[in-house]
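Colleague: Pasting the sequence and the predicted coordinates here, then a few questions.
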Amino acid sequence: MLSMLVSKKKMFLIFILGFSCGLPLPITLSTLSAFLKEYGFALSSIGLFSLTQIPYALKPLWSPFLDNLKPPLLSFLGKRRGWLIIIQAFLIISIFLLGQFDPKQYLFSVAIISLSVAFFSASQDIIVDALRIESLSEEEQGIGVAYYTFGYRIGMFVATAGALYFSHIWNWKISFLILSLLSVLGIISALLINEPEHKVLKEAENIKEWFYNAFVVPFTELTNRYNWFYVLLFISLYKLSDAYLGAMTNPFLLEMKFSKLEIALIIKTYGLFAMLIGTFAGGYLVKYYNIYSLLLYSAIISSVSNLAFILQYYAGHDAETLMMVISIENFASGLSSAVFLTYIGLVCNKQLTATQFALLSSIASIGRTTLSSSSGFLAEKVGWVDFFIFSAILCLPALILIKFINNSQKGSIWNLNTKHTEIPENQV
């Protein structure tokens, strides 16, 4: 009974930390765009502000510092919680300041503050990911991803629809003030969650050895493992099918004569609900079934769900069909994402969690964003039906690679009942 209550408390705090991580992401994207648009900025100028997202791509560069240095002043709270509270404090201040400047008069200041929001948000992601992975057992990793994602999505919703609502009722200053106050929940959860145990590498005897342990060892530890190249390639390609479709979903729906309001309402309601169900389903399945089998089946389900958009193409402007299509695709995406994030967490060496998870998640992000950049050209060239078929076929490289990264010697990856969640040491 006591262990059940402890587990529920832990999952609730991970949910709150997910909320805390999801909240700042849209602030420097869609919310900032709306903020600047109201002040009369041209679309070209607003688009340049997307460069403030650079810290999310570069976070592996400073993750070793957060993984290896003790937090100043708050080291008594532990490495993870100490750094998390420091970063969250700066993040709260940055979000508050963002709404206090008139961008017409202080454009440079707004740009710098936006960059600081992204930097501290990316840093928060590094610590929370490490804290989540280190705090949970192998059996809890999947459901932990589900609770984290649930909170993350709620945070994103509050920072988009909520921010617009607050600015409509009051003004942007009040809106950003409310968002900064809501971010305090992250500090509260950081204080309440237990500091995980850390497996420490050998203490460095000099600065050169420290830099080697912090920046070189996390990568070489990965590259010294069995089939490491296949693992990194797999991580970069696994969500490609999803990303390829996602890049063209809104242009396709607009071409089908759906209004922006219709798209927003259906995706924000049916899509969000279906994605959360899929995420929890994935998190639950990881607890009981072979991780490699789940990677295989969820990738197949996710890619096949892309074909549902062919129904939408022939149905045209039909809201009921769109509800069904979005629900199918988002459920499948949530399912595969939960399994995939669990796998990345299991790949990480718990002595190097923050650095390796930041590195692997960046590889996943860079892979899908760069390779999916050709999606528009293909859609123009072959038409929508062939595009959706091609996006589904893009799962094949990842499916083939699962055979090479599978370490389970207990049976075929097609056999779900072969329980094998743990990634063996020195292997992937």
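Modeller: All right, it came through fine.

Colleague: measure the residue lying closest to residue 345 once chain neighbours are set aside to residue 236 for me?
Modeller: Distances taken as Cβ to Cβ, 6 or more residues apart in numbering put residue 133 closest to residue 345, at 4.4 Å, once the chain neighbours are dropped. For the C-beta atoms, the positions are set from N, CA and C on the backbone; glycine is no exception. The gap separating residue 133 from residue 236 is 20 Å, by Cβ to Cβ, to the nearest Å.

Colleague: got it, and residue 32?
Modeller: Noted for residue 32: a distance of 29 Å to residue 236, by Cβ to Cβ.

Colleague: ok, now residue 14?
Modeller: 27 Å.

Colleague: which of the two has more neighbours?
Modeller: Neighbours were counted for residue 14 and for residue 236 using other Cβ atoms under 10 Å; residue 14 has more, 27 against 22.

Colleague: Point me to the helix or strand that includes that one.
Modeller: Here residue 14, judged by DSSP states H and E, is contained in helix 2-22.

Colleague: Repeat that for residue 147.
Modeller: Assigned by DSSP H and E, residue 147 falls in helix 141-157.

Colleague: That helix relative to helix 2-22, how many degrees between them?
Modeller: With axes from the mean of the first three to the mean of the last three Cα atoms, to 10 degrees defining the directions, helix 141-157 sits at 40 degrees from helix 2-22.

Colleague: Return the distance of helix 141-157 from the chain's centre.
Modeller: 9 Å (Cα atoms, centre = their mean, to the nearest Å).

Colleague: Tell me where this structure is predicted with low confidence.
Modeller: Scanning the chain for pLDDT under 70 picks out 1-6, 43-44, 199-202, 204, 367-369, 407-428.

Colleague: Helices of the stretch 101-250 of the chain, start to end?
Modeller: Remark: helices assigned in the stretch 101-250 of the chain by DSSP state H, counting those that start in this stretch are 107-135, 141-157, 163-169, 172-182, 184-192, 207-211, 217-223, 228-237, 240-255.

Colleague: Could you list which residues are in contact with the nearest residue to residue 186 once chain neighbours are set aside?
Modeller: Take residue 186 and drop its neighbours on the chain: the residue closest to it by Cβ to Cβ, 6+ apart is residue 20, 3.0 Å away. Residue 20 is in contact with 88, 124, 128, 151, 155, 183, 185-186, 189, counting by Cβ atoms under 8 Å, 6 or more residues apart in numbering.

Colleague: Could you list every helix and strand in contact with the helix holding residue 147?
Modeller: helix 2-22, helix 24-27, helix 107-135, helix 272-288, helix 319-347 (3 or more Cβ pairs under 8 Å, 6 or more residues apart in numbering; DSSP states H and E).

Colleague: any residues touching the second one, and which ones?
Modeller: Taking contacts as Cβ under 8 Å, 6+ apart, the residues outside helix 24-27 that touch it are 91, 95, 98, 117-118, 120-121, 124, 155-156, 159-160, 163, 179, 183.

Colleague: Among those residues, which one sits closest to residue 329?
Modeller: Within the contacts of helix 24-27, proximity to residue 329 (Cβ to Cβ) peaks at residue 156, which comes in at 18.1 Å.

Colleague: I figured that closest one hits residue 18, correct?
Modeller: No. Counting by Cβ atoms under 8 Å, residue 156 stays clear of residue 18, with 10.0 Å between them.

Colleague: and those two? which has more neighbours close in?
Modeller: residue 18 (27 against 24).

Colleague: And for that one, nearest residue in space, chain neighbours not counted?
Modeller: Leaving aside its sequence neighbours, residue 18 sits nearest to residue 151 (Cβ to Cβ, 6+ apart; 2.8 Å).

Colleague: Please apply the same query to residue 68.
Modeller: Residue 68 sits nearest to residue 214 (Cβ to Cβ, 6+ apart), 4.5 Å away.

Colleague: Then residue 375?
Modeller: Nearest non-adjacent residue to residue 375, counting by Cβ to Cβ, 6+ apart: residue 247, 4.4 Å away.

Colleague: ok, how many other residues are close to the one you found?
Modeller: Residue 247, neighbours per other Cβ under 10 Å, totals 18.

Colleague: wait, what's in contact with it?
Modeller: With Cβ under 8 Å, 6+ apart, residue 247 has these contacts: 372-373, 375-376.

Colleague: Is it possible to mark the buried ones in these?
Modeller: 372, 375 (16 or more other Cβ atoms under 10 Å).

Colleague: Just send the contacts of residue 247 back as a markdown table, with distance to residue 78 and secondary structure too.
Modeller: Below are the contacts of residue 247 laid out as a markdown table (distance: Cβ to Cβ, whole Å; DSSP: H, G, I helix; E, B strand; the rest coil):
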| residue | distance to residue 78 | secondary structure |
| --- | --- | --- |
| 372 | 39 | helix |
| 373 | 41 | helix |
| 375 | 44 | helix |
| 376 | 47 | helix |
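
Colleague: Return the closest of the contacts of residue 247 with respect to residue 385.
Modeller: Distance ranking of the contacts of residue 247 against residue 385, using Cβ to Cβ, places residue 375 first at 14.7 Å.

Colleague: show me what contacts the closest one?
Modeller: 244-245, 247-248, 387, 391.

Colleague: Residue 404: which of those residues is nearest?
Modeller: Using Cβ to Cβ, the contacts of residue 375 come closest to residue 404 at residue 244, 22.5 Å.

Colleague: Since that was my last question, I'll sign off now.
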